[in-house]
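> build me a model from this:
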Amino acid sequence: MDRTEAPPFPRSQSRVSPVFFWALLAALVLRAVTGVMDRGAGGGGVGLVRWQPLEKAAALARTSGKPILYDFTAAWCAPCKLVDRDWEDPALAEEVNATFIPARVVDRSREDGSNAPDVSELQRRYEIVGFPTIVAAAPDGPLIAKTDGYRGKDAMVQFL
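Residues are numbered from 1 along each chain as shown. As a prediction, the model looks like this:
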């Protein structure tokens, strides 16, 4: 009986395409960077500033007599991330906490299609057209001062 050897199992030639590999690597790096930039961006507490919920901020401002400092921001806004870094400065946060009732107003129109009524009302009242925008308002609501865009920490300190 003649024994013929069966051909060996074909070897798999699966190789990851270099283009696919680099695209995957770039996506992972981008995700890591955005993850770091997004830390604390949940809207509630960014940095050392003691942010108050919108519904509580107005009441606290009236009882304390302090103006409200609104930080109008959005999750997708890159310059807003720079403002978020400024809120981590201890001296800046101390100034904000001592002088104002701070409240973050997070725009969700891109993510959710619309904003909550209280957010829309504040954006209308203070004529918010872009992000970031910082608004100082009297305890009873009238505008005291407003700055839009990111101009650096020194400009933020000067505004405050």
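> would you map the helices across this protein?
18-38, 54-64, 78-86, 90-99, 109-112, 117-125, 153-159 (DSSP state H).
> tell me the mean pLDDT for the fifth one?
Which is helix 109-112. What helix 109-112 shows for mean pLDDT is 94.
> cool, stretch 153-160 as well?
91.
> repeat for stretch 58-76
Averaging pLDDT along stretch 58-76 gives 97.
> would you mind measuring the gap between the ends of it?
27 Å (C-alpha to C-alpha, to the nearest Å).
> before we move on, what about stretch 95-113?
35 Å.
> repeat for stretch 100-118
Termini of stretch 100-118 sit 20 Å apart (C-alpha to C-alpha).
> list the buried residues in it.
By 16 or more other C-beta atoms under 10 Å, the buried positions in stretch 100-118 come out as 100, 101, 102, 103, 104, 105, 106, 107, 115. Glycine gets a C-beta too; all of them are placed from N, C-alpha and C.
> what are the contacting residues of it?
43-44, 46, 49-55, 57, 60-61, 64, 66-76, 96, 119-120, 122-123, 128, 131, 136, 139, 160 (C-beta atoms under 8 Å, 6 or more residues apart in numbering).
> low-confidence ranges in the chain?
Within the chain, the ranges that satisfy pLDDT under 70 run 1-14, 16, 20-46.
> I figured residue 131 hits residue 80, correct?
Yes. Contact criterion C-beta atoms under 8 Å: residue 131 and residue 80 qualify, at 5.5 Å.
> neighbours of residue 60, how many?
Using other C-beta atoms under 10 Å, residue 60 has 16 neighbouring residues.
> wait, what's in contact with it?
Contacts of residue 60 (C-beta under 8 Å, 6+ apart): 52, 66, 101.
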